[in-house]
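Asks: I would like to see how this sequence folds:
(chains A and B, ligands or ions: 5)
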Amino acid sequence: MPTLTIDGQTVEVEEGKTILEAAEQLGIEIPTLCHHPLLEAYGACRICTVEMQRGKRVRMVTACNHPAQEGIEVQTRSPRVLRHRRMIVELELGRCADLPVLRKLADDLGIDRSRFGTGEHECILCGLCVRTCWELVGARAISFANRGTDREVTTPYHEFSDACIGCGACVAICPTGVLKMEDIKGRKVIHSELTLGPQRAIRIPFMQAVPNAPFIDPDECAHFTTGECKVCAKVCPRDAVDHQMEDQFEEIEVGTILVATGHDVIDCSEMLRYGYGLYDNVITGLEFEKLSHATSPTGGKILMSNGEPPKSVAILHCIGSRDENYKEYCSRVCCMYSLKFAHLVREKTGAEVYELYIDMRSAGKGYEEFYKRNLEEDVVFIRGKGSEITTWPEAPGEEGKLVVKCEDTLLGTVRRLPVDMVILSPALQARADAAKVAQTFGLGCSRDGFFLEQHPKLGPVQTASDGIFIAGTCQGPKDIPDSVAQGAAAAANILSLVDRGSVVIEPITSVVEETTCGGCRLCISVCPYDAARFDEEKKVSVVDEAVCKGCGTCVAVCPSGAAQQRFFADTEIMAEIDGLLAEIGDRHQFPA
Amino acid sequence: MAQFEPRIVAFLCRWCSYTGADLAGTSRLKYPPNVLPIRVMCSGRVDPTFVVNAFRKGADGVLICGCHPGDCHYNEGNYNMMRRFPLVRKLLAQFGVEPERVRLEWVSASEGDRYAEVVAEFTDEIRKLGPLEWAPMMAPPPVQTAESVVTAK
Ligand SMILES: Cc1cc2nc3c(=O)[nH]c(=O)nc-3n(C[C@H](O)[C@H](O)[C@H](O)COP(=O)(O)OP(=O)(O)OC[C@H]3O[C@@H](n4cnc5c(N)ncnc54)[C@H](O)[C@@H]3O)c2cc1C
Ligand code: SF4
Ligand code: SF4
Ligand code: FES
Ligand code: FES
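Replies: Ligands and ions are numbered 1, 2, ... in the order given. Predicted structure coming up:
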């Protein structure tokens, strides 16, 4: 390990380090322009030049790429070094007179104006961007062109480059800010994409994510496009980034399962009359949530697609809910979150807010009070469902606005509301894959597609399959407090099962009488729980009573009467029939 | 003459329809008292021989109620019943029993009103059909003499 002295201080560094890194270790600052720790040393700008003495020989060298050798003595602020530095800064200023990075260096060195003129370039030709694109990203979209005073950074033939993957790394690294990303879509807020605009390829999904760790989105990550980059891995101090990692499938044996797969919201673009997807400023409740969240690209500001705050906003309840054409049921949460939206819009923008509702359903602790508060905050409530959104002006004041048509049932008239922004409150619906999940876990679904509980009052989180519980909106629309309550209830149920260590099963199960079973296996083919199986040795069907739920379907199909249901045997039901009809038994004089 | 009051045996699945019938009762809904309910665990449990036996023992109609398709507590029991049902009707027809005397209906636990409606409507229909008379159907066929066989040909 070489030992050297810098400005009189001795330091020992690892083999292969540069003078710049050695100085950093001592906390001595050497100015740099073309250097970046993630890139190969380049030695183009010469601003890092220092005085180095080895033995008797004194030389001027660039600290960023000169190795920190054994026994050398380095001066970083000697008169000769400073003279050198001034010259370089003056030369640079001659090319780019007004750059803040250079101005700062000049001020530090006491340079007022350059003897070499006042050039108006903004690029100092440090090459950081070019090297980033080549060495780090691997896209190789930009490079230097021309020579001497004409030297510049550009794409081949100044054309739009197909090689550019739009990662923006060059812009991020440019020390002067001359490189800019062009917003090709020309929109500052992209509502229709839930991500609300570009995101980093490596990111923490959202603030409250569990686990709160970043993940790499392979569709965005430069490494998966070009094979290079891996900057994240280079800078991670814990070596935690592994681009080779693959999804792993693990099988875990458990005794109880809680299904809490939640809901989807209805696709508003299905309902053409609301113009969702057509008009930029018609957004869904979920998009509004993202927009107004503190971590949104707008920092929680409520902005329209042109980046301006809206002056008027309409919030439309029951989009797809309580509507025979879509979902008959009430989605339960929309009234309250719509009120929350109204409150937020009033608070953040002061815009005029219209709430268009069929009925205001504010049942819940503190909910009616919140409704009242919105009334006091001058939100305009209109009883009537928004029926259409158009941009076709019919009256003065409607030009350039979204016009919401509705029937105000309290005034008994049809109204047109010109507004800047519309928020649709879409119906909650069962997830698209609910039927598949139901099948996987042996759950039932009610007609609306949500999972079926064992009993609406007495078994709200239990299901027909013992040991499988449901909670939250997968069971039906509900708000967070109710979802949490169900989750806690299910957890308590599960813990009590775990604690008991054994399970009690229904006494009503089916059994197959071995001696009469003909081995036709009809029972096996109809059993929804795979409780019946075939005993190859005895050539008869056997019911696993721990799995059997006692539906009795197998009993009904068994042609030999071998399958019987406990407490509901054929003989028992027949006796019931006989008993019920006993008094009229001979009315028909049935021939014996 | 007093109105004919049919006897109808109803097989109600425990989870939906029996609970629905219960709800009709607790909601004080009025419906004809002609139905004699039998609780089964699932409509899929209803063996065709139950239906035949009910008619044999003097029922004028048989009603089978289960959960709505997709709602069966056991996922598919009602589908099995649905598949079996046309066979039941065919079988009855072969015995000479009008297939309309047996009916399959979906009634959920929350549909007390629907249960009452179904019962009222079905009772009405059976009333129109009149009592199920086995005797003439079951009477031995007229003795076929050699002559009658020849003329028939
Ligand atoms: C626009 C909008 C605003 C709302 N605002 C409010 C509000 O202000 N206050 C309030 O109380 N409620 C609000 N709600 C309701 C609230 O969103 C729900 O009550 C809550 O999200 C339900 O929680 P959950 O855990 O049941 O379901 P979800 O939040 O939907 O979570 C389900 C989770 O399961 C995951 N998942 C799904 N399928 C699988 C699978 N097969 N395997 C593994 N994971 C799976 C999903 O990715 C998801 O992370 C709002 C709803 C909407 C649509
Ligand atoms: S995630 Fe890592 S490897 Fe991928 S683009 Fe970002 S920095 Fe590069
Ligand atoms: S009663 Fe139902 S669950 Fe039990 S073995 Fe028979 S078909 Fe399967
Ligand atoms: S920083 Fe060393 S030459 Fe540019
Ligand atoms: S449980 Fe009602 S039909 Fe199967």
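Asks: CA atoms for contacts and neighbours, from now on please.
Replies: Will do.
Asks: Do you know the pLDDT at residue 115?
Replies: I went with chain A, as the question did not name one. At A:Arg115, the predicted lDDT confidence score is 89.
Asks: Chain B was what I was after
Replies: pLDDT, B:Tyr115: 96.
Asks: now swap in A:Val282 and tell me
Replies: So, for A:Val282, pLDDT stands at 95.
Asks: top helix in chain A by residue count?
Replies: In chain A, with assignment by DSSP state H, the single longest helix is helix A:480-500.
Asks: Now for A:Glu120: which residues touch it?
Replies: The contact partners of A:Glu120, taken as Cα atoms under 8 Å, 6 or more residues apart in numbering or on different chains, are A:95-98.
Asks: In helices, which of the residues you listed fall?
Replies: Those of the contacts of A:Glu120 mapping onto helices are A:Arg95, per DSSP H.
Asks: From the contacts of A:Glu120, list the buried ones, please.
Replies: Among those, the ones that count as buried by 16 or more other Cα atoms under 10 Å in any protein chain shown are A:95-97.
Asks: quick revisit: next SSE after the longest helix of chain A?
Replies: strand A:510-512 (DSSP states H and E).
Asks: Low-confidence ranges, chain B, go.
Replies: B:1, B:135-153 (pLDDT under 70).
Asks: Report the central residue of it.
Replies: By Cα atoms, centre = their mean, chain B has its centre lying nearest to B:Val62, at 1.8 Å.
Asks: Just list whatever residues bridge to that one.
Replies: Counting by DSSP bridges, B:Val62 is bridged to B:Val9, B:Val102.
Asks: quick one: it and ligand 4, what's the gap?
Replies: Note on B:Val62: its distance to ligand 4, by Cα to the nearest ligand atom, to the nearest Å, is 94 Å.
Asks: same question, A:Cys558
Replies: 87 Å.
Asks: So that residue sits against A:Leu522, correct?
Replies: Yes. Judged on Cα atoms under 8 Å, A:Cys558 makes contact with A:Leu522 at a distance of 6.6 Å.
Asks: Of those two, which one has the most company?
Replies: A:Cys558 (21 against 15; other Cα atoms under 10 Å in any protein chain shown).
Asks: Tell me who's in contact with the more buried one.
Replies: Shown in contact with A:Cys558 (Cα under 8 Å, 6+ apart): A:522-523.
Asks: Now do the strands in chain B.
Replies: B:8-13, B:35-40, B:61-66, B:102-106 (DSSP state E).
Asks: and those strands as JSON lines, adding distance to A:Ser425?
Replies: Output for the strands of chain B, formatted as JSON lines (distance: least, Cα to Cα, whole Å):
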{"stretch": "strand B:8-13", "distance to A:Ser425": "39"}
{"stretch": "strand B:35-40", "distance to A:Ser425": "43"}
{"stretch": "strand B:61-66", "distance to A:Ser425": "36"}
{"stretch": "strand B:102-106", "distance to A:Ser425": "33"}
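Asks: Out of the ones you listed, which is closest to A:Arg566?
Replies: strand B:35-40 (11.6 Å; Cα to Cα).
Asks: count of residues packed around residue 113?
Replies: Assuming you mean chain A. Around A:Arg113 there are 15 residues (other Cα under 10 Å).
Asks: The intended chain is chain B.
Replies: Using other Cα under 10 Å: B:Asp113 sits among 20 other residues.
Asks: Distance of A:Asp570 relative to ligand 5?
Replies: For A:Asp570, the distance to ligand 5 - Cα to the nearest ligand atom - is 17 Å.
Asks: show me the contacts for residue 100.
Replies: In the absence of a named chain, chain A is used. So A:Pro100 contacts A:Thr176 (Cα under 8 Å, 6+ apart).
Asks: The chain in question should be chain B.
Replies: For B:Glu100, the contacting residues are B:Arg89, by Cα under 8 Å, 6+ apart.
Asks: How about the residues of the stretch 51-200 of chain A by ligand 4?
Replies: A:62-64 (Cα under 6 Å from any ligand atom).
Asks: and A:Arg431, which of the strands of chain B is closest to it?
Replies: It's strand B:102-106; of those, that one is closest to A:Arg431 (Cα to Cα) at 25.0 Å.
Asks: Tell me which residues are up against the closest one.
Replies: B:17, B:61-69, B:82, B:85, B:89, B:118.
Asks: now stretch A:102-116
Replies: Contacts to stretch A:102-116, defined as Cα under 8 Å, 6+ apart, come from residues A:82, A:86, A:89-94, A:97.
Asks: that older thread, from the residues of the stretch 51-200 of chain A next to ligand 4, pick the one nearest ligand 5.
Replies: Ligand 5 lies nearest to A:Cys64 out of those, by Cα to the nearest ligand atom, at 78.2 Å.
Asks: just to revisit the earlier point, a markdown table please, covering the contacts of A:Glu120 and showing pLDDT and distance to ligand 5.
Replies: Putting the contacts of A:Glu120 into a markdown table (pLDDT from 0 to 100; distance: Cα to the nearest ligand atom, whole Å) gives the following:
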| residue | pLDDT | distance to ligand 5 |
| --- | --- | --- |
| A:Arg95 | 90 | 85 |
| A:Cys96 | 90 | 82 |
| A:Ala97 | 87 | 84 |
| A:Asp98 | 85 | 81 |
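Asks: could I get the contacts of A:Glu120 as TSV with distance to A:Asp247?
Replies: Shown next, in TSV, are the contacts of A:Glu120 (distance: Cα to Cα, whole Å):
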residue	distance to A:Asp247
A:Arg95	52
A:Cys96	50
A:Ala97	53
A:Asp98	51
